[in-house]
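Participant: Pasting the sequence and the predicted model now:
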Amino acid sequence: MIPFLDAPPRRVVVLNATGRYAARQVTMMREGGTPIVAGIALGAGGGVQDGVPLLDSLDELDAPADAAVLYAPPGATADAVRDCAAAGIRTIVSASEYVPVHDALRAARAARAAGCWLVGPNTLGLCVPGKVLLGSVSPAFCSPGSVAVLTRSGTLTLAVSRLLTAAGVGQSVVVHMGGDTVIGRNPHEYLAALADHGPTRAVLYVGEIGGDKEYALAEAISGFAKPVVAMIAGRHAPEGRQMGHAGALIGEAREGAAAKLAVLREAGAQVARTPYDAIEILKGLI
């Protein structure tokens, strides 16, 4: 089971909390009800930021944390993930973009070995509407409901959640899984974990061109009891054109939108061409 769906985190820490971007996110997360107990920033220990005590390291926590949001620089991300995993932090959200591939592999392996759920790298994070925000998915864009939203694109995470909410389709969880080639957990793992999640009655998957993660997802969909609606961004992208970030690059035909949509449809997903199509399908399902 996904730790943050089992129960909302009660003790959240933010690593590299004092940077300009991270500081804004700390404020938004606290406004969204996230229980941030400390910011970790080497050299800032003993200070206070936006009402949050600052510590030099995880070792200074007075009690274990159950979730961490990381704003570490790309080159320091693997070490930050390993530190969190070693501390037993079950949910780790890594926002950093441009993490070297081999570092991302090491980070993902360390998190798995420790039984932790790593979201990202290169993620806006996640929102369980009305319960917790870990990262930058605006709570104002989300509303409580029964559709689990899993996306590979940060921009579409925000756009789709906002459109769903405006259309009256609430979400059980909104997760930007990460836009890089290597991410902590892949789409089919999220789907498997949602099989027994009571509040989730349907899943909206928003993928994109590049990579082959949708093929493992298709295998998982074929044995999944809840309805899945699937959309792939980049339907008109030319072959070999990188679209935004490392995870969205068509290397061969099977990595294009048409091939992915075909295999997802064959597996039993209802295919949507646009977010508006997805909303109409979901309204009929729930």
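Facilitator: Noted; the coordinates are in hand. Residues are numbered from 1 along each chain as shown.
Participant: Please put the alpha-carbon coordinates of stretch 162-181 into PDB.
Facilitator: This file holds the C-alpha atoms of stretch 162-181, laid out as PDB (Å, rounded to 0.1, in the frame of the first residue of the first chain):
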ATOM      1  CA  ARG A 162      -8.100  22.100 -11.900                       C
ATOM      2  CA  LEU A 163     -10.400  21.100 -14.700                       C
ATOM      3  CA  LEU A 164     -11.700  18.000 -12.800                       C
ATOM      4  CA  THR A 165     -12.500  20.200  -9.800                       C
ATOM      5  CA  ALA A 166     -14.300  22.800 -11.900                       C
ATOM      6  CA  ALA A 167     -16.400  20.000 -13.500                       C
ATOM      7  CA  GLY A 168     -17.400  18.600 -10.100                       C
ATOM      8  CA  VAL A 169     -15.200  15.500 -10.400                       C
ATOM      9  CA  GLY A 170     -13.400  15.100  -7.100                       C
ATOM     10  CA  GLN A 171     -10.100  13.300  -6.500                       C
ATOM     11  CA  SER A 172      -9.100  10.700  -4.000                       C
ATOM     12  CA  VAL A 173      -5.400  11.600  -4.700                       C
ATOM     13  CA  VAL A 174      -3.500  13.500  -7.300                       C
ATOM     14  CA  VAL A 175       0.100  12.400  -7.900                       C
ATOM     15  CA  HIS A 176       2.700  13.700 -10.300                       C
ATOM     16  CA  MET A 177       4.900  10.600 -10.400                       C
ATOM     17  CA  GLY A 178       7.800  12.400 -12.000                       C
ATOM     18  CA  GLY A 179       8.900  13.400 -15.400                       C
ATOM     19  CA  ASP A 180      12.300  11.700 -15.700                       C
ATOM     20  CA  THR A 181      13.200   8.400 -17.300                       C
END
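Participant: Number of residues surrounding residue 280?
Facilitator: One way to gauge burial is a neighbour count; for residue 280, by other C-beta atoms under 10 Å, it gives 15. C-beta: built from backbone N, CA, C; applies to glycine.
Participant: mind checking how far it is from residue 273?
Facilitator: In this structure, residue 280 and residue 273 are 11 Å apart, going by C-beta to C-beta, to the nearest Å.
Participant: and if you look at residue 70?
Facilitator: For residue 70 relative to residue 273 (C-beta to C-beta), the value is 35 Å.
Participant: For this protein, which segments are assigned as helices?
Facilitator: 3-6, 20-31, 77-86, 101-113, 154-166, 187-194, 213-221, 257-267, 275-285 (DSSP state H).
Participant: With neighbour numbers in mind, choose between residue 70 and residue 273.
Facilitator: Neighbours of residue 70 and residue 273, each counted by other C-beta under 10 Å, are more numerous for residue 70; the result is 29 against 12.
Participant: just checking, the more buried one touches residue 17?
Facilitator: No: between residue 70 and residue 17 there is no contact, the gap being 9.9 Å when judged by C-beta atoms under 8 Å.
Participant: State the number of residues packed around residue 189.
Facilitator: By other C-beta under 10 Å, 18 other residues sit near residue 189.
Participant: Show the contacting residues for the closest residue to residue 197 other than its chain neighbours.
Facilitator: Closest residue to residue 197 in three dimensions, ignoring its sequence neighbours and counting by C-beta to C-beta, 6 or more residues apart in numbering: residue 5, at 5.6 Å. With contact taken as C-beta atoms under 8 Å, 6 or more residues apart in numbering, residue 5 is in contact with 128, 173, 193-194, 197.
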